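Undergrad: sequence plus the predicted model coming up.
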Amino acid sequence: MSEPVIPILLDIPESIETERLLIRAAQWGDGAEMNAAIMESLNELQPWMIFAQKPQPPEESEIFVREARINYLKRTNMHMGIYNKTDGTFVGCSGLHHIDWGIRSFELGYWIRTSCSGKGYMTEAVNAITNFAIQELEANRIEIRCSGRNAKSAAVAERAGYKLDGVLRLSMRGFDGELHDSKVYAKVRGSEF
């Protein structure tokens with residue numbers, strides 16, 4: 001049996017670069033840019049994201065990024081902002097959540113700013129974060145979960161090579177008040193990487 005992981009002692013990089021993107025851990029002061037992206041994208045995010053149910057003041061976003069920074073350092077939730085390398089535009093958010101260090105299992109979540117959608121940024125980010133989880137965190141399992149009605153999120157998972165593990169029928173209540181199926185996509189060590 002291997003030694004238990006002490007996550008806070010792991011030296012984990014705080015940024016990843018791709019051809020077009022800088023993906024990095026949240027920093028103090030990121031809240032204003034994130035808030036502007038949420039407000040721009042409220043209509044598209046509302047069906048899927050709890051934080052988009054009503055407009056939020058910039059202070060709430062700043063509180064979120066400050067807590068996200070602390071959680072990244074503690075290795076309990078690894079929230080990351082996505083930025084365009086050319087012009088610095090805040091593209092969206094992603095990261096690794098519901099972390100189980102005992103089995104090195106991670107859930108990868110994401111959302112994108114409306115003006116940046118349809119350009120392949122999120123698939124590029126998901127591929128980079130997947131590789132980061134495999135190489136830096138020694139992941140054994142990486143999941144992407146989404147509502148069965150969220151075709152765009154499912155398409156990102158599929159383009160990034162995730163396999164559909166299954167559909168959990170009527171397993172979540174959507175923000176529309178109705179029951180939704182949940183799609184669970186995954187990559188696992190030994191078969192997908």
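TA: Looks like it arrived, so ask away.

Undergrad: got any ranges where this protein has weak pLDDT?
TA: Within the chain, the segments meeting pLDDT under 70 span 1-2.

Undergrad: and the strands in the chain?
TA: 15-17, 21-25, 78-84, 90-100, 105-112, 141-147, 163-173, 179-188 (DSSP state E).

Undergrad: what pairs with the closest residue to Y162 other than its chain neighbours across the strands?
TA: Computed as C-beta to C-beta, 6 or more residues apart in numbering, the closest residue to Y162 that is not its neighbour in sequence is Y185, at 3.7 Å. Any C-beta I mention is one placed from the backbone N, CA and C, and that applies to glycine too. According to DSSP bridges, the residues that bridge with Y185 are I144, L164.

Undergrad: Y185 touches R159, doesn't it?
TA: No - using C-beta atoms under 8 Å, Y185 is not in contact with R159, being 10.9 Å away.

Undergrad: pick out whichever of these two has more residues nearby.
TA: For the pair Y185 and R159, the greater number of neighbours falls to Y185 (22 against 14), based on other C-beta atoms under 10 Å.

Undergrad: contacts only, for the more buried one.
TA: By C-beta atoms under 8 Å, 6 or more residues apart in numbering, Y185 lies in contact with 143-146, 154, 157-158, 162-165.

Undergrad: can you check E19 too?
TA: Shown in contact with E19 (C-beta under 8 Å, 6+ apart): E124.

Undergrad: next one: M34
TA: 61, 64-65, 81, 90, 93 are the contacts of M34 under C-beta under 8 Å, 6+ apart.

Undergrad: if we can go back for a sec, quick check: the residue nearest to Y162 vs L73, distance?
TA: Computed with C-beta to C-beta, to the nearest Å, the distance linking Y185 and L73 is 28 Å.

Undergrad: follow-up on the earlier one: right, and the pair among the contacts of M34 with maximum separation?
TA: In the contacts of M34, two members sit farther apart than any others by C-beta to C-beta. They are F64 and F90, at 13.6 Å.

Undergrad: could I get the strands of the chain as CSV with distance to M122?
TA: Conversion of the strands of the chain to CSV gives the following (distance: least, C-beta to C-beta, whole Å):
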stretch, distance to M122
strand 15-17, 14
strand 21-25, 10
strand 78-84, 8
strand 90-100, 7
strand 105-112, 5
strand 141-147, 11
strand 163-173, 18
strand 179-188, 14
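
Undergrad: could you pick out the longest helix of this protein?
TA: Longest among the helix segments of the chain by residue count, using DSSP state H, is helix 58-74.

Undergrad: helices or strands up against that helix?
TA: Using 3 or more C-beta pairs under 8 Å, 6 or more residues apart in numbering; DSSP states H and E as the contact criterion, the elements in contact with helix 58-74 are strand 21-25, helix 31-40, strand 78-84.
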